[in-house]
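> Give me the fold of what follows.
(3 chains)
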Amino acid sequence: MTNLSRRNLLTGAASLGLGASIIGTASAATKLKAAFVYVGPVGDFGYSYQHDQGRLEMQKALGDKVETSFLESVPEAGSEQTFAQLARSGHDLIFGTSFGYMDPMVKVSKQYPKVKFEHATGYKRTPNLSTYSAKFHEGRYVIGQIAGKMTKNNTIGYIAAFPIPEVVSGINAFMLGAQSVNPGIKLKIIWANVWFDPGKEADAAKVLLSQGCDIICQHTDSAAPLQVVEKAGKHGFGQSSDMARFAPKAILTSIVDHWGGYYIKRTQAVLDGTWKSTDTWGGMDLDMVRMAPFTNMPDNVKAMAVATSAAIKADKLNPFHGPIVKQDGTIAAKAGDVVADKDILSMNWYVKGIDDKLPS
Amino acid sequence: MSSVFFQAVAATIIASSIPLILAAIGELVAERSGMLNLGVEGMMLMGAVCGFIGAYFSGSTLIGALCGVAAGMAMAALYGLLTIGFAVNQVAAGLALTIFGQGLSGLVGAHFVGLKRDGAPHLHLPWLSDLPYIGHMLFGEDGFAYVAVGLVAGVAWFLRYSRAGLDLRAVGDNPASAHALGMPVGGIRLKAVLFGGACAGLSGAYLTLAYTPFWSPGLSAGRGWIALALVVFASWKPWRVVLGALLFGGATILQLQAQALGIRLPSQMLSALPYVVTILALILLNLRRNRGSLTPAALGLPFVADT
Amino acid sequence: MSVSPWRFKLVTRANPSRALVLLAPVLAVALALVFGALMILALGKSPLQAFDVYFAQPLADPFSLAEIVVKASPLVMIALGLAFCYRANLWNIGAEGQFVIGGTLGGGIAVATHGMTHMTFWILPTMLVVGMVGGALYALIPAVLKVTLGVSEILVSLMLVYVAQLNLDYLVRGPWRDPKGFNFPVTAGFDTAATLPPLWPGGAVHSGVAITVLLVIIMAVVLARTRFGFAVRTAGLAPRAAGFAGFEHRRLTLALFALSGGLAGLAGVVEVSGVINQLQPSISPGYGFAAIIVAFLGRLSPVGILVAGLVLALTYIGGEAAQIAMKLPLDLTTAFQGVVLMCVLAADVLTHYRLTIARRAS
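Residues are numbered from 1 along each chain as shown, chains lettered A, B, ... in the order given. As a prediction, the model looks like this:
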């Protein structure tokens, strides 16, 4: 009896999985072979999912000229072997989408000079290794403004994953945006120390609500905090992908990572023979950061958000424009100046008004 | 700080303890029969995904929960076949079950990532839920909380007072004697393992139906392992499972509270708090009492009747 | 269930059948392939091609073979120590934490000596020793609590895994962060003096693999030929007999935890020094937990562990290859890995027991 149920279990599951193989078809010999390496499962509906959406967009746009494949949940430790294996098995272009792949990719790119490598969120380049990242903080400035307008008690909760420059600059941009419309804003920060643990993220959201926050912002990957916020009748923002479906009444907007355009451009460059090692740090101007529809807010707030996004997109507004004072009182940028890109990319300080301490 | 605040904190602690209680009480029964099943995480994940799918299609939280229970039991049956049928080493079989469950749950759930359904409704108990101070805290939960408490009470009674419970403990402490006395050792152990699977499956279903109502691969995030540790913490005593889960959940929530209040300690140190607190609490409990735990003497040992 | 007129029964074999010792793994793999084929067919792919990619190609390719060896090395090294513990019924399941502590402390020396140009010969040996001692001391925490206060080693060793991971996370994000690293959470890359050289110049296999092979031999001899080995072999079955061999159970507990923690710590420092070459928030893809299953797959014997470690490493490498070449989802290869393990474990029963079928007395 047990034997029977086991067989049913397996075949039943496998047939359910049938539709799950959304990926790829057979290859021809002349196609460009591009591989993507993700740190999380493509089913995280967050960071890795958005990269895979970019891959699919590129596959669709370039059609028969390219064959794509991906590896998911590849741990950063020991990823060198994975990249070497991809390089030697005939891939022409390899994307690595997590910061921790940096040094392995540098090493492997030197061993395989004919293969093109693209590394997201890193800073080391070689003649055949490019870097790219998105100015996520631009979106954070917009949602900071929305939060500053929408909060009733000036207390906003922020669930952050890890203190890396991307997250820290996001917190600062959010605070600057909020302060630009509401100087009295107060931010409560919880470091979850995970990118993805729905239970823990939900707990963090509940804790922030219990301490009086009426808007919750997250820089972790799951939709769990938004669902908590929805249930409590408060407001929140989505991360990485448009999470509106998880919290239709609570969501104000989402910051959407959009990699497809970049992937098309870079793959096309390889096809054209024009690919060069370069660094791309694009924001709304390059359509790498998108804002999901603005919902659940009064028209005037919406108009402000639309205007701010447009100004950032047109390069008329830099979230890190002076005057900016650091937490310790020193000046980060004088009036009329902006914080330099390299300082944003290595940001390890808070702006004035944030009551939290970064590890040093 | 108002009583509303404390009620909210208590409710959060309870909510984060429920999956641990559910999975641990099932594992406790399995272990008391001598079966150490390290496959809790795998059974939880299968319960989580099948519970979500069942509820998604039926629109009913109850049917979803039952699907989760069934999935957990199916996984447990596989473990039972290996360990009881084929006398495979229990630790190895359990770990293999976890690996299998991680993969299979991802396959089964691939189509359901990114879908959502509303969380399980709170059961409002007339009068009780309206009690001042403790009403919302103790009686404002969804049905899973009541099931968890009921299961613990039931298991405590079963092990202590029922004839079948006595048999189960005998099988866990000395299977050879139990066999000599005519008890069906394999059958009793299989039932205990199936009960453990059912509870783990229900715990998984709680995650996707009430706690964070959506499916995503690996969303149990190691809770199955914590549940296993809590059985040890509880010294195999049912009510101490509740104590351990509340302690662990409480430390988790309190460190988040401390962070949000702006306590300037490294967040890693605060995140480590639940683990350290659990160890310290166990040390204190061991210092205080010398009565020893109820560790089943034959835990983890296969039994094959040669006669 | 009880209506069946037949009764299946396992009967212990007096001596494990030699033919079946060889036949069982073959049978297991065959069974796993049948289940795997069903799953792959359901996904609309060719099972034959999948098995070729999964098993045959990695074994036929020198580069993949090197990868398998490098992946198997930490698994085997950790499992060797765990096997000694498990034989004595001591449940150290925190090898992952001991691995991380070993890597952290050993790597810490590389961080502290970064940039040194003179007198650097001592750095690498010291790293290895410190990593090993660190892992041993970390494993002694649950051991000491067990022998003094009777606190369960299962709980303490498991909980300490998370503490070790968070400790490393704190160090690489804070005090040990590479000052030139733009505030990203990694230490500076290790100097050559802190890096395990490849086994042969330009090779893809680091010399830590040689340490692993050496340890397999040493542990096999210790287990089979020494009084300590005798004590370990008997401790789980007859604790008092181990006492007669001069090893009282408490001392044995401490010694075995120190041994298994030391080997896990050594594996950790070998991994950071030979493979990763820096410290980062996560230095293990779960080697410490996977090693538990390697220990049991290898039937708790050093040589068996060597084989089991290679088999598990093959399923990792083959799984990646199947994702790339066949576009099979990772979840399928993970589930298949579980199936392979269960079949191998189940087939093992044939070597120890005889399956008899008897007509049920009515």
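
> which residues of chain C fall in helices?
Assigned by DSSP state H, chain C shows helices spanning C:18-42, C:47-51, C:57-60, C:62-87, C:95-112, C:123-149, C:153-173, C:208-225, C:227-235, C:239-244, C:249-271, C:287-297, C:302-325, C:330-352.

> hang on, isn't C:Thr113 packed against C:Phe190?
No: contact criterion Cβ atoms under 8 Å: C:Thr113 and C:Phe190 do not qualify, at 9.3 Å. Using the backbone N, CA and C atoms, a C-beta is placed for each residue, glycine as well.

> what about the residue of the stretch 51-200 of chain B found nearest chain A, how many neighbours?
Going by Cβ to the nearest Cβ, chain A is nearest to B:Ala110 of the stretch 51-200 of chain B, at 3.3 Å. Taking other Cβ atoms under 10 Å in any protein chain shown as the neighbour definition, B:Ala110 ends up with a count of 24.

> for A:Gln327, same thing?
A:Gln327 has 17 neighbouring residues, counting by other Cβ under 10 Å.

> okay, C:Thr113 and C:Phe190: which has more neighbours?
C:Phe190 (24 against 18).

> got the contact list for that one?
Applying Cβ atoms under 8 Å, 6 or more residues apart in numbering or on different chains, we find C:Phe190 in contact with C:107, C:110, C:114, C:272-273, C:277-278.

> what about 7 Å?
C:110, C:273, C:277-278 (Cβ atoms under 7 Å, 6 or more residues apart in numbering or on different chains).

> do you know how far the residue of the stretch 51-200 of chain B closest to chain A is from chain C?
Using Cβ to the nearest Cβ, to the nearest Å, B:Ala110 is found at 7 Å from chain C.

> pLDDT score assigned to that residue?
On pLDDT, B:Ala110 comes in at 88.

> Compute the number of surrounding residues for B:Pro296.
23.

> tell me the secondary structure for it?
What DSSP: H, G, I helix; E, B strand; the rest coil gives for B:Pro296 is coil.

> got the phi/psi numbers for A:Ala332?
phi -90, psi -30 (degrees, to the nearest 10).

> What is the burial count for the nearest residue to A:Asp242 once chain neighbours are set aside?
Of all residues not flanking A:Asp242 in the chain, A:Ala292 sits nearest, at 4.0 Å (Cβ to Cβ, 6 or more residues apart in numbering or on different chains). Neighbour count of A:Ala292, defined by other Cβ under 10 Å: 18.

> ok, back up a step: out of the helices of chain C, which is the most enclosed?
Ranked by mean neighbour count, the helices of chain C are led by helix C:95-112 with a mean of 28 (mean count of other Cβ atoms under 10 Å in any protein chain shown).

> what's near enough to touch the residue nearest to A:Asp242?
Residues in contact with A:Ala292 (Cβ under 7 Å, 6+ apart) are A:238, A:242, A:244, A:253-254, A:256.

> Looking at those, spot the one nearest A:Gly329.
Nearest to A:Gly329 among the contacts of A:Ala292 is A:Thr253, at 33.1 Å by Cβ to Cβ.

> Touching, that closest one and A:Phe294? I think so.
Yes: counting by Cβ atoms under 7 Å, A:Phe294 is a contact partner of A:Thr253 at 4.9 Å.

> These two: which has the busier surroundings?
Neighbour count, other Cβ under 10 Å: between A:Thr253 and A:Phe294, A:Thr253 has more, with 26 against 20.

> Relative to A:Gln145, how far out is the more buried one?
In this view, A:Thr253 and A:Gln145 are 11 Å apart by Cβ to Cβ, to the nearest Å.

> cool, A:Ile94 as well?
Counting by Cβ to Cβ - A:Ile94 and A:Gln145 are separated by 38 Å.

> Helices of the stretch 151-300 of chain A, start to end?
Using DSSP state H, counting those that start in this stretch, the helices of the stretch 151-300 of chain A run over residues A:165-181, A:198-210, A:224-232, A:260-272, A:299-313.

> Tabulate the ones you listed (CSV), appending distance to chain C and mean neighbour count.
Shown next, in CSV, are the helices of the stretch 151-300 of chain A (distance: least, Cβ to the nearest Cβ, whole Å; neighbours: other Cβ atoms under 10 Å in any protein chain shown):
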stretch, distance to chain C, mean neighbour count
helix A:165-181, 5, 24
helix A:198-210, 12, 27
helix A:224-232, 20, 26
helix A:260-272, 17, 18
helix A:299-313, 24, 16
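
> Would you tell me which of these gets closest to C:Phe184?
Nearest of the helices of the stretch 151-300 of chain A to C:Phe184, taken as Cβ to Cβ: helix A:165-181 at 6.9 Å.

> quick one: that closest one to helix A:299-313, angle?
Interaxial angle, helix A:165-181 versus helix A:299-313 (axes from the mean of the first three to the mean of the last three Cα atoms, to 10 degrees): 130 degrees.

> Helix A:165-181 near chain B anywhere?
No: taking Cβ under 7 Å from any Cβ of the partner chain as the criterion, helix A:165-181 and chain B are apart, separated by no less than 12.0 Å.

> Report all helices and strands that that helix contacts.
helix A:136-150, strand A:155-160, strand A:215-219 (3 or more Cβ pairs under 7 Å, 6 or more residues apart in numbering or on different chains; DSSP states H and E).

> Would you mind putting the CA coordinates of it into PDB?
Taking Å, rounded to 0.1, in the frame of the first residue of the first chain, the C-alpha atoms of helix A:165-181 are listed here in PDB:
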ATOM      1  CA  PRO A 165      25.800  49.900  -0.100                       C
ATOM      2  CA  GLU A 166      22.800  49.100  -2.300                       C
ATOM      3  CA  VAL A 167      20.600  48.800   0.800                       C
ATOM      4  CA  VAL A 168      22.100  51.700   2.700                       C
ATOM      5  CA  SER A 169      21.900  54.100  -0.200                       C
ATOM      6  CA  GLY A 170      18.300  52.900  -0.600                       C
ATOM      7  CA  ILE A 171      17.500  53.800   3.000                       C
ATOM      8  CA  ASN A 172      19.200  57.200   2.600                       C
ATOM      9  CA  ALA A 173      17.400  58.000  -0.600                       C
ATOM     10  CA  PHE A 174      14.100  57.000   1.000                       C
ATOM     11  CA  MET A 175      14.700  59.300   4.000                       C
ATOM     12  CA  LEU A 176      15.800  62.200   1.700                       C
ATOM     13  CA  GLY A 177      12.600  61.700  -0.300                       C
ATOM     14  CA  ALA A 178      10.500  61.600   2.800                       C
ATOM     15  CA  GLN A 179      12.200  64.600   4.400                       C
ATOM     16  CA  SER A 180      11.700  66.600   1.200                       C
ATOM     17  CA  VAL A 181       8.000  66.600   1.800                       C
END
